[in-house]
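**Q** Sequence and predicted structure below; questions after.
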Amino acid sequence: MDHPRYPRPLGLDPLAYGGDYNPEQWPEEVWAEDVRLMREAGVTMVSVGIFSWALLEPERGQYEFGWLDRLLDLLHAHGIRADLATPTVVPPAWFYRDHPDALPVTREGTRYAFGSRGAICHSSPAYQHAAATITEQLARRYGTHPAVALWHVHNEYGVPVSDCYCDESAAHFRRWLGERYGTLKELNSAWGTAFWGQRYTRWDDIQPPRLTPTAGNPAQQLDYARFTNDAVLANFKRERDLLHRLAPGIPVTTNFMTALSQCQSMDYWAWGREVDLVANDHYLVAEDPRSQINLAMAADLTRSVAGGRPWLLLEHSTGAVNWQPRNLVKRPGELARNSLAHVARGSEGAMFFQWRASRSGAEKFHSAMLPHAGTSSRIWREVVALGQELGKLAEIRDSLVQTDAAMLWDWESWWAQRLEWRPSVDLDARERAEAWYTASWDAHLTVDFAHPEAELSRYPLVVAPALYLTTEAAARNLRQYVENGGTLVVSCFSGIVDEHDTVHPGPHPGALREVLGLTVEEFAPLRAGAAVRLEGDGQPPLRAEAWTEFVRPEGAETLWHYADGPTAGGPAVTRHALGSGRAWYVSARLDGDGLARVLRAAAAEAGLPERRLPHDLEVVERVGEHGRYLFAVNHGAAAADLPLAGPGTELLTGADVRDVLAVPAGETRVVRY
Ligand code: GLA
């Protein structure tokens, strides 16, 4: 990018605190009360106009900006900054009247209808043109408005639908393939079309991976996933470039959903490079009793796609959402814990969906900062208290999260692994990533995520939880990392295929045989519910489920072997010394305890400290110009003590602390030292 990067919303000195604000759902008399209550709650910024296209442009080319003028002036008069959206996630009904073919089509050939949101074919020239036009209007009108601090392009690209299988998309896909492969010969080779007689002799014969009677070509499907990401990203870039050109100086963002459970179709490594400020939305999986781990993982992934720099939590919820099967409330204090846990991991604030609960529409049962119950409510009291707490943390801005290790994650590999006809439905990349992440959370290690081709030398420990697709470049990178002294831990079914989902030559794991010092002769998935035992010299046994492998060491030593199951007697967990480093291989789907033990052993070997801290105490450090900030979030039901390296000041209570920090049950403390 050739424009300067603006890591923070323009003119926003405190941390960002606020939410999506949809005042168009209310009579204007309510707005005065809104801004008064926003002030009471310590709100510093709100996101406006996200779903307002139909109100701003009620018919093609007719604009009604008066209400937004008045709103932005009102916010400005009250010192509240605006994260102003381009409303391009919901084109108005008139747009579809003229362009019904801009509604996306499913793999099965069904066209979606108007009446919800996000029904967009990202290859539609009509959509692209209309989106650019409204964006241009907004940029020209509000690019110098004093309230505008940030541009919020679109909303959550990638959900609820990102891929489209219409004829326009098919033609776009063929153009994309033409650029990627140049010739049909190359494409036929990359897609392995000799298999099942799928060879193409004309570009026009190539279609998106529409519904097929049985398993479709995996390379075609993988390319379609890449194409979809690129097509959606191109639409973001078009709006971003317009905003940069017409409204220079205001940073541009869009809200990601990095939680793997929430958006699967966008490659956020690519997206992170394109936004000025990385922003994320995160919603708890309410029924998960340890949902703080999913939260931490999403936050770490967000910071990682931001290149380690601060980022912004643009949406989460004050309480229950409305779209899960059972929408559980947050427990007392959980709202603050969630917010501060995001801040600990690099967010420069905490924003919510949404400011005032809606009375109509699909989200009327979603919590808000100002709930239907009004200000006489627990949520409102917690919202006001959180505003005060965040107000005390402004000095942490720009400080950087300190991390211990890296976990490799590659969206492309995930897309490839989840295609049909893999050796077992029970081995899932996301499940493995979450399981290894949980083990690191429990070991009180703070991790970055890294792309497998990224520079890794600063990490003493690198874990690859699921790297089914491994490119030659990634393989070289990992080998070099180990040779130069790194400790690498690779989990099962990694290093198997290249970027075309073609098996690497020779025995598995083709891309990682050398670095791991072994071959895998056969995969040996287990029956549903079956488990095996792993034994190691002088070690308590480990347990694995779902997946085992026949491993033949070629230089690696065996740390644990299979005591039973189809691979009984064979190596299960191995370690290979290479150069001045070591590469561990875990050939089974270990259970949580097993993972924790292997991870701790590898971390100790990598020289990482063993942190003996209370189990439910989340401890993260940010370091900045004004000092080091230790965040301690106590998710447990009992008070927890955290030993301190030196004296400091606790920022939320103002207390001086030394030696030991007492963190009451359910609360958070932030020490500057
Ligand atoms: C997403 C959207 C919001 C809202 C919330 C509800 O994050 O961006 O508009 O629908 O979900 O949880």
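**A** Yep, that arrived.
**Q** okay, CA-based contacts and neighbour counts for the rest of this
**A** Will do.
**Q** residues touching the residue nearest to the spatial centre of the chain, list them.
**A** The chain has residue 258 as the residue nearest its centroid, 1.3 Å off, counting by Cα atoms, centre = their mean. Each residue near residue 258 by Cα atoms under 8 Å, 6 or more residues apart in numbering is listed here: 268, 280, 281, 282, 298, 299, 301, 302.
**Q** Not counting its neighbours along the chain, what's nearest the last one?
**A** Spatially, and ignoring its direct neighbours in sequence, residue 302 is nearest to residue 258 (6.2 Å; Cα to Cα, 6 or more residues apart in numbering).
**Q** What parts of the stretch 201-350 of the chain come near the ligand?
**A** By the rule Cα under 6 Å from any ligand atom, the part of the stretch 201-350 of the chain lying against the ligand is 281, 321.
**Q** now the chain
**A** Neighbours of the ligand within the chain, by Cα under 6 Å from any ligand atom: 155, 156, 281, 321, 353.
**Q** Output those as CSV; include the columns pLDDT and secondary structure.
**A** Formatted as CSV, these follow (pLDDT from 0 to 100; DSSP: H, G, I helix; E, B strand; the rest coil):
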residue, pLDDT, secondary structure
155, 98, coil
156, 98, coil
281, 98, strand
321, 98, coil
353, 98, coil
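**Q** which of the residues you listed sit farthest apart?
**A** Distances among these were taken as Cα to Cα; the most separated pair is 155 and 321, at 17.4 Å.
**Q** Compare the two (neighbour count), which wins?
**A** Set side by side, residue 155 and residue 321 show more neighbours around residue 321, with 25 against 20, by other Cα atoms under 10 Å.
**Q** pLDDT weak spots in this structure?
**A** 1-6 (pLDDT under 70).
**Q** List the buried residues in stretch 226-245.
**A** With burial defined by 16 or more other Cα atoms under 10 Å, the residues of stretch 226-245 counted as buried are 226-233, 235-236, 239-240, 242-244.
**Q** now swap in stretch 76-94 and tell me
**A** Of the residues in stretch 76-94, those buried (16+ other Cα under 10 Å) are 76, 79-92.
**Q** Return the distance of the helix ranked longest in the chain from the chain's centre.
**A** Assignment by DSSP state H gives helix 218-246 as the longest helix of the chain. What separates the centre of helix 218-246 from the centre of its chain is 17 Å, taken as Cα atoms, centre = their mean, to the nearest Å.
**Q** Next secondary structure after that helix?
**A** strand 252-253 (DSSP states H and E).
**Q** List the neighbouring strands of that following strand plus their orientation.
**A** Strand pairing for strand 252-253, determined by DSSP bridges: strand 148-153 (parallel).
**Q** angle of the strand it pairs with against helix 218-246?
**A** Here strand 148-153 runs at an angle of 150 degrees relative to helix 218-246 (axes from the mean of the first three to the mean of the last three Cα atoms, to 10 degrees).
**Q** Can you pull out the residues in contact with strand 148-153?
**A** 9-12, 47, 50, 72, 81-88, 142, 236, 239-240, 243, 250-255.
**Q** repeat that for 7 Å
**A** The list of residues contacting strand 148-153 from outside it, by Cα atoms under 7 Å, 6 or more residues apart in numbering, reads 9-11, 81-86, 250-254.
**Q** for those, which one is nearest residue 213?
**A** Nearest member of the contacts of strand 148-153 to residue 213, counting by Cα to Cα, is residue 254, at 37.8 Å.
**Q** Distance check, that closest one against residue 448.
**A** From residue 254 across to residue 448, the span is 21 Å (Cα to Cα, to the nearest Å).
**Q** ranges for the helices of the stretch 301-450 of the chain?
**A** With DSSP state H, counting those that start in this stretch as the criterion, the stretch 301-450 of the chain has helices at 334-344, 378-391, 411-417, 429-442.
**Q** In CSV, list those helices along with mean neighbour count.
**A** Formatted as CSV, the helices of the stretch 301-450 of the chain follow (neighbours: other Cα atoms under 10 Å):
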stretch, mean neighbour count
helix 334-344, 24
helix 378-391, 19
helix 411-417, 22
helix 429-442, 21
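**Q** what's the closest of those to residue 64?
**A** Closest among those, using Cα to Cα: helix 378-391, at 33.2 Å.
**Q** follow-up on the earlier one: let me know the closest of the contacts of residue 258 to the ligand.
**A** residue 281 (5.7 Å; Cα to the nearest ligand atom).
**Q** How many residues are close by that closest one?
**A** 25.
**Q** show me the contacts for the residue in the stretch 501-650 of the chain that the ligand sits nearest to.
**A** As assessed by Cα to the nearest ligand atom, the ligand sits closest to residue 635 within the stretch 501-650 of the chain, at 22.8 Å. Counting by Cα under 7 Å, 6+ apart, residue 635 touches 616, 617, 665, 666.
**Q** go on, residue 471?
**A** By Cα under 7 Å, 6+ apart, the neighbours of residue 471 are 498, 499.
**Q** 8 Å - rerun?
**A** 497, 498, 499, 511.
**Q** now the end-to-end length of stretch 424-432.
**A** 14 Å.
**Q** What is the distance between that stretch and the centre of its chain?
**A** Here stretch 424-432 shows a centroid-to-chain-centroid distance of 18 Å under the convention Cα atoms, centre = their mean.
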